[in-house]
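In: Structure for this input, please:
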Amino acid sequence: MRRIYCDHAATTPIHPDVVAAMLTAPWGNPSSLHAEGRAARAAVEAARREVAALIGARPEEIIFTSGGTEADNLAIAGAGGGRHVICSAVEHHAVLDACRADGEVTAVPVDGRGRVDPDDVRRALRPDTALVSIMLGNNEVATLQPVAEIAAICREAGVRCHSDAVQAAGKVQLDVGALGVDLLTLSAHKIYGPKGVGALYVRSGVEMDPMVHGGGQERRWRPGTENVPGIVGFGRAAALARAELPARAAHLRAMAERLAAQVDCGQPTGDPAQRLPGIASYVFADVDGQALLAALDLSGVAAASGSACTSGAPEPSHVLLAMGLPPDLALTSVRLSLGRDTTAEDVDEVAAILRATVARLRGKRAVRA
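Out: Reported below is the predicted structural model:
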């Protein structure tokens, strides 16, 4: 059976050029002063420059981590300092749980499209607010947030602003200067790079406390011997993402529009205009969401119900609930996220399988009723 992968928001297949770069990465310890160590250090710094270029940052503002989750936690614990933190109700759990663990948190609401009102952030600010963390693009419903406007509010109030851009990187143009954020999170495996490596942008002049201790690597904010092959792979993936961004974004947008034109059996979620390209999220009334995902998988389509970090959980998506969907409808959600290799043939086949599967499951439900 032919498999069609529609879960690129969970992870992307590693690019062949990235694999090649990783296989030739120096094996030395970047902290060593001998030739082998210097070669590894040079490779790490070259990758740092590529990751920085992807978001319009300076290389010294990039801190490598083990992934997006660690980078989110480092930003929140490091800059939040146990004081009051503001986030949105639709953040990834890497942010939500980190905020709850770090101190007192205010989760601002979203509208029915999943979008934050910047004035709600302004009203939530307190004298003891240390950090505001608002994701750039939602990983479940693709809604883009007004981060630049929120960052300006934060700057006026003297409060640090962090944005989780894990899902947005490689899909939309990123410029930390234009956004005005102090901290920004990235992850390699969302842009056709390896798993187990991410980065935190820390604007020059921002001070943080490290989460772990034990060395001077990564400006002492993330000590430990660097994952050289992973970092090299991240650098190559970032370079490819920057070079191919216009073509990738146009392709994702075209494929998502083609899919939307053929899926009339479900209700789309998220903002119809302010959204990441390539992510299509639907709810299907009178269909069991888990049964639908299982049936799609058996038919050769890999899809998801939302964040891969919460898939399989019996609870409805916190994102959809925050958007005002009733729990029973939120449990019917399916996310189809497309990639650089998704073809029009793939889209047409997925749409046909989805329509037929939904009709079959609704028919079974009607018979039982």
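In: Now for V176, how many residues are close by?
Out: Neighbour count for V176, taken as other Cβ atoms under 10 Å: 21. C-beta coordinates here come from the backbone N, C-alpha and C atoms, glycine included.
In: go on, P272?
Out: 11.
In: Look up how far P277 lies from the residue nearest to it when sequence neighbours are not counted.
Out: Computed as Cβ to Cβ, 6 or more residues apart in numbering, the closest residue to P272 that is not its neighbour in sequence is R113, at 7.5 Å. Going from R113 to P277 by Cβ to Cβ, to the nearest Å gives 16 Å.
In: between the two, which one's more packed in?
Out: When neighbours are counted by other Cβ under 10 Å, R113 and P277 differ, and P277 comes out ahead with 19 against 16.
In: can you list the weak-confidence ranges in the stretch 51-200 of the chain?
Out: For the stretch 51-200 of the chain, no stretch has pLDDT under 70.
In: Please enumerate the strands of it.
Out: Using DSSP state E, counting those that start in this stretch, the strands found in the stretch 51-200 of the chain span residues 62-65, 84-88, 105-108, 129-133, 160-164, 183-187, 198-202.
In: And the helices in the stretch 201-350 of the chain?
Out: Here the stretch 201-350 of the chain has its helices, by DSSP state H, counting those that start in this stretch, at 228-262, 289-298, 318-322, 327-330, 344-368.
In: give the contact list for the closest residue to N73 other than its chain neighbours.
Out: Take N73 and drop its neighbours on the chain: the residue closest to it by Cβ to Cβ, 6+ apart is A98, 4.6 Å away. Contacts of A98 were listed using Cβ atoms under 8 Å, 6 or more residues apart in numbering, and they are D72, N73, I76, A77.
In: Next step: the residues you listed restricted to helices.
Out: D72, N73, I76, A77 (DSSP state H).
In: And the furthest pair within these?
Out: Greatest spacing in the ones in helices among the contacts of A98, by Cβ to Cβ: D72 and A77 (9.4 Å).
In: Which one's more surrounded, these two?
Out: D72 (30 against 21).
In: The more buried one and V85: what is the separation?
Out: Taken as Cβ to Cβ, the span from D72 to V85 is 12 Å.
In: Next, show the common contact partners of those two.
Out: In contact with both D72 and V85: S133, using Cβ under 8 Å, 6+ apart.
In: returning to what we had before: just the closest of the contacts of A98 to A330, please.
Out: D72 (23.8 Å).
In: That closest one contacts T185, doesn't it?
Out: Yes. With contacts counted by Cβ atoms under 8 Å, D72 reaches T185, the gap being 5.2 Å.
In: what do the two both touch?
Out: Common neighbours of D72 and T185 (Cβ under 8 Å, 6+ apart) are H162, D164.
In: Whichever strand or helix holds A20 vs helix 228-262, what angle?
Out: A20 belongs to helix 16-23 when assigned by DSSP states H and E. Interaxial angle, helix 16-23 versus helix 228-262 (axes from the mean of the first three to the mean of the last three Cα atoms, to 10 degrees): 170 degrees.
In: contacting residues around helix 16-23?
Out: Y192, G193, P194, P229, G230, V232, G233, G235, R236, A237, L240.
In: Widest-spaced pair of those residues?
Out: P229 and L240 (16.6 Å).
In: Tell me which of the strands of the stretch 51-200 of the chain lies nearest to L259.
Out: Here strand 183-187 is closest among the strands of the stretch 51-200 of the chain (Cβ to Cβ), at 24.7 Å.
In: any idea how far that closest one is from the chain center?
Out: 9 Å (Cα atoms, centre = their mean, to the nearest Å).
In: which helices and strands does it pack with?
Out: The helices and strands touching strand 183-187, judged by 3 or more Cβ pairs under 8 Å, 6 or more residues apart in numbering; DSSP states H and E, are helix 35-55, helix 68-80, strand 160-164, strand 198-202.
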